Structures are given as C-alpha cells and as structure tokens.
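K.L.:
Below are the sequence and a predicted model for it; my questions follow.
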Amino acid sequence: MGNSFGCSASGERLVSAARDGDLVEAKMLLDFNPCLAKYSTFGGLNSPLHFAAAKGHNEIVALLLENGADVNTRNYCGQTALMQACRYGHWEVVQTLMLFRCNVMRADYLSGRTALHFAAVNGHVRCIRLVVADFVPSTPNETKHSSTDAERGDGSNVRSKPDHSALSKFVNKTADGGITALHMAALNGYFDCVQLLLDLNANVTAVTFHYGTSMDLIGAGSTPLHYAACGGNLKCCQILLARGASRMALNCNGWLPLDVARMWGRHWLEPLLAPSSEATIPTFPPSNYLSLPLMSVLNIARECGLQSSTASSHETDFCAICLERSCSVAAEGCGHGLCVRCALYLCSTSNVSSEMLDPPGSIPCPLCRHAVISFVKLPGSRAKENKLHMSLGLCNPCMLHPCDPDRPSLSQTPDVQRNCVASVPSDILCPVTCSPFPSVTIPLCTCNDGPCPSYEPRESETEDESRSQVSTADQDKMEGPRLDKTTCSSMFWGRRSCSREHQCNSEINA
C-alpha cells in the first residue's frame, strides 16, 4: 500500500506545507509524527523533500532531514532532491543537502542525468561549484597545474590528470547518448558553466555516442564545439578553441562545427569556426567560481554543525562577520577566525576575479583580503549531536500507542529473535527501469516553419525569460543572439522525457 498507509491525509498536508514554504505547519506536523518526513505521493512518488528542494525552501529542507527524511530518496523518475534543487538553481538547498552527505553520483532512470547535468543545462554555476566540492581538494597544487595546462591551448589539460581520477570521472559522466555536462552548458550558451567545467578537467574532445543520440538534430559523434556552434554563443566557442577543441572535428554526419553553425543560422560564428580561420582567440583566466576552501569548510560543517556552541561572554571570540556566533574555523595563512556558517557562505558565494588572487580558486579573507586556500577547525569546537533517524516508513509509533522512553528497544533485547530480512541499501537494489531508455532517432526539425512547441512547464519558461532579460547590452553584442527558449536546443530533455517525468514535474509545479 505504500509508505503513506494510514497517514495519507497528514502526509498530503506536509506536502502542501513543503511546496508552499509553510514552516510552522511543517514543524507542527513533524512534531506530531516525525515519520511523515518519509511520506511520498502515490502518483509521482515525490516526497516532501522533493517539493521543498524544488521550491527552494531551505529551512523546510533542513527540518525534514533532521526528522529522518532520506536525503537520497528517489521519485518515480529516479530523481533526487539534489537534482530538483540543481534544476531550479537553489544553491542554498544544494548546500544543505551536501551537508547531509547526499549522493551526487546518482543518475535518474530516464536518461542517466546526474545533478551536474541538471545544473549545467540550466546554467546554475553556483550549484555546479557545490556539487563538485567533495572532489576538489583544498590544496593549490592541482589547481595550479590544471590552470597552467589550460593556458597552453593545446588540449593538454584533458590529459594532465589520469583518467581514473574521481573528479574527471564525475565531471565527464555521460547521460543518454553520451551527453556530458559540458555539451549541455555549451549548447545553451552558459559561458560561466563552460569555463568552470573546463577548469574542473572536463573533456573538451568528448563525443556523443556513435550509435545514436537524443540530439540527432546536431548529429551523433559531436563534440562540445558542435553543440556550442548550434547554441551560437561566441564566448563559449572561443574558450573551447582556447582549451584545445578542434575546428576540423567531424561528427557521424560528416559535419564540421562550421556546418552546424550554418545550419542553425549562426553566421556570426563563421569567421571563428572556419577551418582556415586566422581569428585571434583571447586568453581566458581560470574561472571565478573555483573554490578551493569549500571542501575543508564543508567537512568542518558536517562535523561541528552550523550552530557554533556559545560559551560565556568573556571566553567567546565572536565572528567578525555576523557578530552572533562564536568563531569555530580559522583561515590558513592569515589566521582570522570566522563562524562556520559565515565561512561556508563565503566559499559558496564568492565570485572574485582569479587574476587578483594566487593561486586561482582561493577566496579573499573578508578581514584582510588575504588569499585563503583552506579553513581549519579551531580547538574546542564540539562535534554536533546527531539525531537517531527513525527507520520505519509507516506512521509508527502512532499517537494511540506511544512508546515508553524507558522501555528497551528490540535491538537492545538479545533474547528476542526477529524473523525479518535485513535491510538492504538502496544503492544495491536496481529496479527494472533504472537503465536509460534506448536512444531513438528524432525527426528533423521544422523550426523554419515556426517555433517548436515547448515541453517545459509555463512557470519555468517565465522564470527563464525573466532571467535572460537581466543580461546587459554589451554581453548581447559579445555573445550574439541567444537561441530562443522555444527552439530545439532547449528540448533535448523534453523530447526524451516520457509521461513519467511530466507527472512528477506537474505535481511539483502544481
């Protein structure tokens, strides 16, 4: 009957509270029955955590996780709350989910997309920075080497690290058809995402699978430069060429990036993509969104929590940023102390030009502007007290049969033999539909006759349109005309999605 048996009414109230951001209602329901945090809807199997993450209600996300919600729970499409937060760009929610050790490697059932794909396809560079935090060590050496290789412009940055490195494997993880996050960021013209992914060892020569891809409008066997040529962003093409992309790369249709640009009417790219082009390619510094100290402060926050322990007033050195919490971390080098919450916020939001700091990826200290590479925990910082999460999915213990706190549990009674199957981690279980659907050939586009129909919800379209209007006139001149949101480039995932994903998304966007 599902895990909502006997508590569906209260579960639906919690879903509504999570969707609407009603923290008081959610707290009241969870105080009444903490097991409601594991409720899921019967249609799309979306949990309250999915709704809160998709809508960006960070306080409710933290409340659900503290009450035992599974941070890696999946809906009917295999999507986690991290994927929903990355889809809509709620970096604060991504930060909270990372603190609770969510699994960033999980892929959905439809197309094998990870949270990195969802963030890249929508241009949420802060979410990308947080998702890769556990793969970028707080040491300057590897970043220096990668930036030095990147400045050579001969593609050596792709081979600067061994293929078995965890960072390269994660950044270059392919979805259905061999699509990487770099392909999707280049297609939609998100230069900041392309620059950050390249600095994180994204493979600039990666090609989509030869046996067919979901984006057959560009062609199988296409490189990120083919996708950037389709998107029409000049800066994306320039940085790909500067990092080693080849103008002479042919896809399975025999098309050069120049041919793709001509097919999609990107005539302003022809002087740059022509095989005999003599156009000057500018040099690009490392991304402003690199964050070396993020891993160190994230691990400290997981160990100590965000709420610093307060001592007596004469013994406490309060944080100079918020003036509320005691200092629990110190910046290596200058030694200035901050509370862990301010340090985490600083590492997650800093966007300072890397030319001003050495090494690239360091964060300026807010007190002395010294380049901070990592944070260390101050002595005396206590580890946070972890709550014991309830493992029952039903609404037990209910109000009619309250548990006696003095009564020993079954796990503490050695004489009782339980006739049950041991719990199996969700990573081991693999449903029949967990593999991506086989690639299919998409019919040729008829965009010349009119705009393609949109497969995304109307709310997301209005948000994307309002976000695109923020760009300045100078950026528009540099980047050239951006692809309209109703054309085929934004329908990559929409065409591949079946009714299951529309059902899950319609519940969240209701």
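P.N.:
Received, thanks. Numbers count the residues shown, from 1 in each chain.

K.L.:
would you list every one of the strands in the chain?
P.N.:
Along the chain, counting by DSSP state E, strands occupy 329-331, 337-338, 363-364, 371-372, 375-377.

K.L.:
would you turn the ones you listed into TSV with mean pLDDT and distance to Arg266?
P.N.:
C-beta coordinates here come from the backbone N, C-alpha and C atoms, glycine included. As requested, the strands of the chain are exported to TSV (pLDDT from 0 to 100; distance: least, CB to CB, whole Å):
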stretch	mean pLDDT	distance to Arg266
strand 329-331	92	45
strand 337-338	91	46
strand 363-364	90	37
strand 371-372	91	39
strand 375-377	93	44
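
K.L.:
Can you tell me which of these is nearest to Val352?
P.N.:
With CB to CB as the criterion, Val352 lies closest to strand 363-364 of those, at 5.6 Å.

K.L.:
For stretch 337-352, C-alpha coordinates in CSV please.
P.N.:
Written as CSV, here are the backbone C-alpha positions of stretch 337-352 (Å, rounded to 0.1, in the frame of the first residue of the first chain):
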residue,chain,number,x,y,z
GLY,A,337,38.6,33.3,12.8
LEU,A,338,35.0,33.0,11.5
CYS,A,339,32.0,31.0,12.4
VAL,A,340,31.5,28.0,10.2
ARG,A,341,28.2,29.4,8.8
CYS,A,342,29.8,32.6,7.5
ALA,A,343,32.8,30.7,6.2
LEU,A,344,30.6,28.3,4.3
TYR,A,345,28.5,31.1,2.9
LEU,A,346,31.7,32.9,1.8
CYS,A,347,33.1,29.9,0.0
SER,A,348,29.7,29.2,-1.7
THR,A,349,29.1,32.8,-3.0
SER,A,350,32.5,34.4,-3.6
ASN,A,351,33.0,35.5,-7.2
VAL,A,352,36.2,37.4,-7.3
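
K.L.:
pLDDT value on Ser490, please?
P.N.:
At Ser490, the model reports a pLDDT of 41.

K.L.:
returning to what we had before: can you check which of the strands of the chain gets nearest to His124?
P.N.:
Proximity to His124, assessed across the strands of the chain by CB to CB, is greatest for strand 363-364 (19.7 Å).

K.L.:
who does the closest one pair up with?
P.N.:
strand 371-372 (antiparallel) (DSSP bridges).

K.L.:
What lies in contact with the partner strand?
P.N.:
Outside strand 371-372, the residues that touch it by CB atoms under 8 Å, 6 or more residues apart in numbering are 293, 331-334, 357-359, 362-365.

K.L.:
Turn these into JSON lines, including distance to Arg19.
P.N.:
Below are the contacts of strand 371-372 laid out as JSON lines (distance: CB to CB, whole Å):
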{"residue": "Pro293", "distance to Arg19": "35"}
{"residue": "Ala331", "distance to Arg19": "39"}
{"residue": "Glu332", "distance to Arg19": "42"}
{"residue": "Gly333", "distance to Arg19": "44"}
{"residue": "Cys334", "distance to Arg19": "44"}
{"residue": "Leu357", "distance to Arg19": "41"}
{"residue": "Asp358", "distance to Arg19": "46"}
{"residue": "Pro359", "distance to Arg19": "43"}
{"residue": "Ser362", "distance to Arg19": "39"}
{"residue": "Ile363", "distance to Arg19": "35"}
{"residue": "Pro364", "distance to Arg19": "38"}
{"residue": "Cys365", "distance to Arg19": "40"}
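
K.L.:
Make a markdown table out of the strands of the chain and add distance to Phe51 and mean neighbour count.
P.N.:
As requested, these are exported to a markdown table (distance: least, CB to CB, whole Å; neighbours: other CB atoms under 10 Å):
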| stretch | distance to Phe51 | mean neighbour count |
| --- | --- | --- |
| strand 329-331 | 33 | 24 |
| strand 337-338 | 33 | 24 |
| strand 363-364 | 33 | 21 |
| strand 371-372 | 36 | 26 |
| strand 375-377 | 33 | 20 |
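
K.L.:
Tyr190 is nearest to which of the ones you listed?
P.N.:
Evaluated over the strands of the chain, closeness to Tyr190 peaks at strand 363-364, with 22.5 Å, by CB to CB.

K.L.:
Identify the residues contacting that closest one?
P.N.:
Contacts for strand 363-364 (CB under 8 Å, 6+ apart): 291-293, 346-347, 350, 352, 356-357, 370-372.

K.L.:
before we move on, the earlier item: quick one: which of the strands of the chain is nearest Pro257?
P.N.:
The closest of the strands of the chain to Pro257 is strand 363-364. By CB to CB, the value is 36.0 Å.

K.L.:
hmm, back to that, which among the contacts of strand 371-372 end up buried?
P.N.:
When the contacts of strand 371-372 are checked for burial by 16 or more other CB atoms under 10 Å, the buried set is 293, 331-332, 357, 359, 362-365.

K.L.:
now the stretch 1-150 of the chain, which segments are flagged as low pLDDT?
P.N.:
Low-confidence segments of the stretch 1-150 of the chain (pLDDT under 70): 1-7, 140-150.

K.L.:
The same query, at a cut-off of 50, please.
P.N.:
Residue ranges of the stretch 1-150 of the chain with pLDDT under 50: 1-6, 141-150.

K.L.:
can you check the stretch 401-510 of the chain too?
P.N.:
Along the stretch 401-510 of the chain, the model assigns pLDDT under 50 to residues 401-497.

K.L.:
quick one, what contacts Ser10?
P.N.:
Ser10 sits next to 29, 32-33, 36, 39, 395 when contact means CB under 8 Å, 6+ apart.

K.L.:
which pair in those spans the largest distance?
P.N.:
Within the contacts of Ser10, Phe32 and Tyr39 form the most distant pair, 12.7 Å apart (CB to CB).

K.L.:
Those two - which one has more neighbours?
P.N.:
Each of Phe32 and Tyr39 had its neighbours counted (other CB atoms under 10 Å), and the higher figure belongs to Tyr39 (27 against 14).

K.L.:
Could you check how far the nearest residue to that one once chain neighbours are set aside is from Asp20?
P.N.:
Spatial nearest neighbour of Tyr39, chain neighbours left out: Gly11 (3.4 Å); criterion: CB to CB, 6 or more residues apart in numbering. As judged by CB to CB, to the nearest Å, Gly11 and Asp20 stand 15 Å apart.

K.L.:
now swap in Ile508 and tell me
P.N.:
Distance of Ile508 to Asp20, given as CB to CB: 12 Å.

K.L.:
Give me the common contacts of those two.
P.N.:
Listed as contacting both Ile508 and Asp20 by CB under 8 Å, 6+ apart are Lys55.

K.L.:
Who has more neighbours out of those two?
P.N.:
Ile508 (25 against 15).

K.L.:
quick one: the closest residue in space to the more buried one that isn't next to it in sequence and Val93, what's the gap?
P.N.:
Excluding the flanking residues, the one nearest Ile508 by CB to CB, 6+ apart is Ala54, at 4.6 Å. Using CB to CB, Ala54 is found at 9 Å from Val93.
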